[in-house]
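Participant: The following comprises the amino acid sequence and a computationally predicted model.
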Amino acid sequence: MIIQPILDLVAICAKKGIDHAILSPGSRCAPLTLAFARHPNIHSRTIPDERSAAFIALGMAQQQSQPVVLVCTSGSAALNYFPAIAEAYFQQVPLLILTADRPPEWIDQWDGQTIYQEEVFGKHVKKSFRFPDNFSNQDQIWHAGRIVNEAINLSQQFPAGPVHINIPLREPFYPVEGEKFDFPEYPREFTPITSQSQLTEESLRNIKDRLSKVSRVMIVPGQQKPNNQIQSLLDQLVKNRKAVIVTDVITNLQGENTINLHDHWLGNENLHPDLTPDLVISFGKSVISKSLKQFLRKSNTSHWHIQPDGQSRDTFHHLTRILACSPTGFLNWLYENLPDQDEDFFTRWMRLEKNVQNALPSAFSSVEFGEYPALHFLLKKIPPFSKIHLANSMAVRYVNFLGKRNQEIICNRGTSGIDGSNSTAVGCTFTTKEPVTLITGDMAFFYDRNAFWHNYGMPNLRIIVLNNHSGGIFRLIDGPAKQPELEEFFETRQKLTAKPLSEEYGFQYTFVKNQEELELAMLKFYEPSLQPKILEIESSSPKNAEILKLVKSKIASALAESI
């Protein structure tokens, strides 16, 4: 039997610009699966593992900035979506989650594949809707269409995020021979008209008055997609020395004169005398640098955060003003209205930045081979203006230590988990023909191996696995590093390599363990191929910790000599 409101649901999705769906196999979800698979304007893919499926959808939605549909069957299938949904919620990525369910009278009656699915994702979705479970009344059909419109609209309204529709389905739900799928050409659709928040003239007068009393302004962007307009405004502010701009690699806003290497001196007070700003202005999402967050939390500096919806984000403990407007609009106004700033404050920050830039090459010149110097070399070989996915733990931190990149940097910093790094990168490859490079540690890579368990080509995917056979980050954290249980219970020692996985999926594979092999491997790594390529770099976890400490100490010594 064909359920017309399900066909209407899919038609509304297509009408509102949704053109990708990620489906996972199941019987209860058959009406949804068939409707999406047969709609001519929606590209549907099937991914067996629901956890991977959700992260793949996340990776696609990150790039497209519009919802990707997720469809699964009833029962525990929906629970496997949860890590990616939490990541999407905190990273403000739109997803439309459609979970098939048993009718309500069969919940908790020992019927198969049945759990409590209504509002199962709790606070980690913007809203959860319940689809009607029968359509005998015209009002129920109207209600179903209204729910779909509301859910899609909400997923895209600022801040974007995941929205859930739980859909109880009664048997029979497979079409019989001769039944036709009749998608309505003009389904009922409604779209809200929104406008970007703007500050009132009175607010701007008050802000201008406050700015007249400050001379050390620091701007701290958080994680976001590349934005040429914002980049240009920041460049103007720096060029005219109106603000110090501190940028982690995940901001995608690093410029020639922004502060990108701050992790090398913040936290060492002997190296940064008198660097405290008297006003911090932030926008965007999370910041990687722990030393930057600690520096600003200790500073007692007033903090303004630009947040169009006016919600509070008090990252640095000193939030005094929420600017309910767009970053672009406020930065443009700021450039026109910010008075001249303390020249010495700007110069001190820039001198430290330039000194680290000069010290980095020599700091790596005499260290042994390991994952940090390997990345220092590799980042120069990745095609410019391509896309780099960074796994959490050490991969994203290493790249942040190494400064400005001209590729788009993507990392799951909403919850900062390692669980979906491979899958998110796979999702990205489904949206672009540009090279997509995943840089990951061994724990994150093997944890998400089902990311590749599907039948879709990814010829533009390149994977760099830093395999130290453990969770090496725990050697760099004082607590676990000093415990006798470090290797067994924190690092989780393992003997795996990526070679069996490469053979299983038909990926090209190269294994290296020294600089000469690495340089040889990179000669052809980015040449076109029909299959993804994996470059596995083997190293020692204890040695990596020593190398990182040695490089840091060399840079600190160089900075001390320059003061």
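Facilitator: Cool, the structure landed. No experiment lies behind these values; they were computed from the predicted model shown.
Participant: what's the host helix or strand of residue 551 packed up against?
Facilitator: If you go by DSSP states H and E, residue 551 is part of helix 541-562. On a contact count with 3 or more Cβ pairs under 8 Å, 6 or more residues apart in numbering; DSSP states H and E, helix 541-562 meets helix 343-365, helix 371-378. C-beta here means a position set from N, CA and C on the backbone, and glycine is covered the same way.
Participant: could you give the mean pLDDT of that helix?
Facilitator: Averaged over helix 541-562, pLDDT sits at 90.
Participant: In it, which residues are buried?
Facilitator: 541, 543-545, 547-548, 550-552, 554-556, 558-559 (16 or more other Cβ atoms under 10 Å).
Participant: out of those, what pair is the most spread apart?
Facilitator: 541 and 559 (27.5 Å; Cβ to Cβ).
Participant: got the CA positions of the helix holding residue 551 in PDB?
Facilitator: The C-alpha trace of helix 541-562 is given here as PDB (Å, rounded to 0.1, in the frame of the first residue of the first chain):
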ATOM      1  CA  SER A 541      53.800   7.400  21.100                       C
ATOM      2  CA  PRO A 542      56.500   8.100  23.700                       C
ATOM      3  CA  LYS A 543      58.800   9.500  20.900                       C
ATOM      4  CA  ASN A 544      56.000  11.700  19.600                       C
ATOM      5  CA  ALA A 545      55.500  13.200  23.100                       C
ATOM      6  CA  GLU A 546      59.300  13.900  23.300                       C
ATOM      7  CA  ILE A 547      59.300  15.500  19.900                       C
ATOM      8  CA  LEU A 548      56.400  17.800  20.700                       C
ATOM      9  CA  LYS A 549      58.100  18.900  24.000                       C
ATOM     10  CA  LEU A 550      61.400  19.500  22.200                       C
ATOM     11  CA  VAL A 551      59.900  21.600  19.400                       C
ATOM     12  CA  LYS A 552      58.000  23.700  22.000                       C
ATOM     13  CA  SER A 553      61.200  24.200  24.100                       C
ATOM     14  CA  LYS A 554      63.200  25.300  21.000                       C
ATOM     15  CA  ILE A 555      60.500  27.800  20.100                       C
ATOM     16  CA  ALA A 556      60.300  29.100  23.600                       C
ATOM     17  CA  SER A 557      64.100  29.500  23.700                       C
ATOM     18  CA  ALA A 558      64.000  31.400  20.400                       C
ATOM     19  CA  LEU A 559      61.300  33.700  21.800                       C
ATOM     20  CA  ALA A 560      63.100  34.300  25.000                       C
ATOM     21  CA  GLU A 561      66.200  35.400  23.100                       C
ATOM     22  CA  SER A 562      64.100  37.900  21.100                       C
END
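Participant: isn't residue 554 right next to residue 358, touching?
Facilitator: No: shown here, residue 554 and residue 358 do not form a contact pair, counting by Cβ atoms under 8 Å, at 12.0 Å.
Participant: Show me the shaky parts of this protein.
Facilitator: 194-196, 271-273, 471-472, 474-478, 480, 482, 487-491, 563 (pLDDT under 70).
Participant: residue nearest the centroid of it?
Facilitator: What sits nearest the mean C-alpha location of the chain, by Cα atoms, centre = their mean, is residue 412, with 3.3 Å.
Participant: I'd say that one and residue 423 touch.
Facilitator: No: using Cβ under 8 Å as the test, residue 412 is too far from residue 423 to be in contact (9.8 Å).
Participant: Show me the common contact partners of the two, please.
Facilitator: residue 58 (Cβ atoms under 8 Å, 6 or more residues apart in numbering).
Participant: How is this protein divided into domains?
Facilitator: 4-168, 201-356, 366-562 (automatic domain parsing).
Participant: got these as CSV, with distance to residue 174 columns?
Facilitator: Formatted as CSV, those follow (distance: least, Cβ to Cβ, whole Å):
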stretch, distance to residue 174
domain 4-168, 6
domain 201-356, 41
domain 366-562, 23
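Participant: any idea how far residue 31 is from the residue sitting furthest away from the middle of the chain?
Facilitator: Computed with Cα atoms, centre = their mean, the residue of the chain farthest from its C-alpha average is residue 178, at 45.2 Å. Residue 178 sits 17 Å away from residue 31, going by Cβ to Cβ, to the nearest Å.
Participant: what helix or strand is residue 305 on?
Facilitator: Assigned by DSSP H and E, residue 305 falls in strand 302-306.
Participant: Could you look up the SS state of residue 439?
Facilitator: strand (DSSP: H, G, I helix; E, B strand; the rest coil).
Participant: any idea how far it is from residue 337?
Facilitator: Residue 439 sits 41 Å away from residue 337, going by Cβ to Cβ.
Participant: Same check on residue 228?
Facilitator: From residue 228 to residue 337 the distance is 23 Å (Cβ to Cβ).
Participant: Could you do residue 404 as well?
Facilitator: Distance from residue 404 to residue 337, by Cβ to Cβ: 28 Å.
Participant: So which of residue 228 and residue 337 has more stuff around it?
Facilitator: Neighbour count, other Cβ atoms under 10 Å: between residue 228 and residue 337, residue 337 has more, with 12 against 8.
Participant: residues in contact with the residue nearest to the centre of the chain?
Facilitator: Listed by Cβ under 8 Å, 6+ apart, the contact partners of residue 412 are 58, 87, 91, 392, 420-421, 424.
Participant: ditto for residue 230
Facilitator: 221, 253, 327-328, 331.
Participant: secondary structure class for it?
Facilitator: Applying three-state DSSP: residue 230 is helix.
Participant: what's in contact with stretch 288-297?
Facilitator: 220, 246, 248-250, 262-263, 266-267, 280, 287, 303, 315-318, 396-397, 400, 413.
Participant: Provide a PyMOL selection command restricted to the buried entries of those.
Facilitator: Of those, the buried ones go into a single PyMOL selection, burial set by 16+ other Cβ under 10 Å:
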select buried, resi 220+246+248+249+250+262+263+266+280+287+303+315+316+318+396+397+400+413
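Participant: From the contacts of stretch 288-297, which land in strands?
Facilitator: 220, 280, 303 (DSSP state E).
Participant: quick one: the second one and residue 216, what's the gap?
Facilitator: Between residue 280 and residue 216 the computed distance is 10 Å (Cβ to Cβ).
Participant: ditto for residue 511
Facilitator: On the measure of Cβ to Cβ, residue 511 and residue 216 end up 50 Å apart.
Participant: cool, and residue 207?
Facilitator: Taking Cβ to Cβ, one finds residue 207 at 17 Å from residue 216.
Participant: Strands of the stretch 451-563 of the chain, start to end?
Facilitator: 461-467, 508-512, 533-538 (DSSP state E, counting those that start in this stretch).
Participant: before we move on, the earlier item: between residue 511 and residue 216, which one's more packed in?
Facilitator: Higher neighbour count among residue 511 and residue 216: residue 216, with 20 against 17, using other Cβ under 10 Å.
Participant: Tell me if I'm right that the more buried one and residue 278 touch.
Facilitator: Yes: if you go by Cβ under 8 Å, residue 216 and residue 278 touch, sitting 4.6 Å apart.
Participant: what about residue 343, how many neighbours?
Facilitator: What residue 343 shows, counting by other Cβ under 10 Å, is a neighbour count of 10.
Participant: What helix or strand is residue 164 located in?
Facilitator: strand 162-168.
Participant: ok, then the element right after that strand?
Facilitator: Next element after strand 162-168 (DSSP H and E): helix 201-211.
Participant: so that following helix versus strand 302-306, what angle?
Facilitator: Helix 201-211 runs at 140 degrees relative to strand 302-306, counting by axes from the mean of the first three to the mean of the last three Cα atoms, to 10 degrees.
Participant: Distance from helix 201-211 to the middle of the chain?
Facilitator: Chain-centre distance of helix 201-211: 34 Å, with Cα atoms, centre = their mean, to the nearest Å.
Participant: just stretch 414-429 next, same as before
Facilitator: 7 Å.
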